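> Pasting the sequence and the predicted model now:
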Amino acid sequence: MRTVIRTLAAVVAIVSTSDKPAASVPGLSQTAPVSVTGTPLPEFVSGASDPAIGTVAPTLVGSAFDGSPITVKPGRPTLVIFLAHWCPHCRREVPVLTQWQKDGGVPDGVDVIGVATGTKASAPNYPPSEWLANEHFPFPVMVDSDTYAAAAAYGLSSYPYFVVLDANGKVVQRASGEVDPSTLTPLLNSVASSA
């Protein structure tokens, strides 16, 4: 059963009243270990036949920025969205996804989980925890390891990166780049109805 352990309904909001960088806020981690169980998905190649379709995605066990546990495993239909704080396409996509959720575009019975990956303190828009909090990103976010274990296990090749899983944890579709959420809603509805 896919159990998404959530103690956060939204990303931790960071309020800074000093010039101190948000990365130094006690209790927040921008990267954390991720345990991967199962066979990694092949790297995604846009425009090609995707060999991952129908295969079971690996289970990811990690944590949110505040250290609370997050797990992605079979049990519920899930959309996993990989985001990098420095990626201009991700920075455009996050507000669109936030509005999609506000507008009721996420079907009942579907979990949406973000993965903050590609994290680099030297890159623009760091730290990702502050960026996603400022955008009011409404979904739980797993932080990837400093070696990008979650991204590698799911075959990430570019950002943003979307992986749709059915209730059995099988890959239904993968996509990269900016995606119009109006195309996600019907796909997720079909996955939710088959659960």
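Perfect, I can see it now.
> I'd like the distance between the most centrally placed residue in the chain and residue 53.
Geometric centre of the chain, nearest residue: residue 114, 2.0 Å, by Cα atoms, centre = their mean. Distance, residue 114 to residue 53, using Cβ to Cβ, to the nearest Å: 22 Å. Heads up, the C-betas are built off the backbone N, CA and C, glycines and all.
> same check, this time on residue 60
Using Cβ to Cβ, one gets 19 Å for the distance from residue 60 to residue 53.
> So for these two, which sits in the more crowded spot?
Shown here are residue 60 and residue 53; by other Cβ atoms under 10 Å, residue 60 has more neighbours (23 against 13).
> so the residue nearest to the centre of the chain is in which element?
Assigned by DSSP states H and E, residue 114 belongs to strand 111-116.
> And that strand, how far out from the chain middle?
A distance of 3 Å separates the centroid of the chain from that of strand 111-116, by Cα atoms, centre = their mean, to the nearest Å.
> got the contact list for the helix or strand where residue 89 lies?
Taking DSSP H and E as the criterion, the element that holds residue 89 is helix 88-102. By Cβ atoms under 8 Å, 6 or more residues apart in numbering, the residues outside helix 88-102 that reach it are 81, 83-85, 106, 112, 125, 131-132, 135-139, 159-160, 177-181, 184-185.
> Report the strands that pair with the strand holding residue 114, each with its relative direction.
strand 78-83 (parallel), strand 141-143 (parallel) (DSSP bridges).
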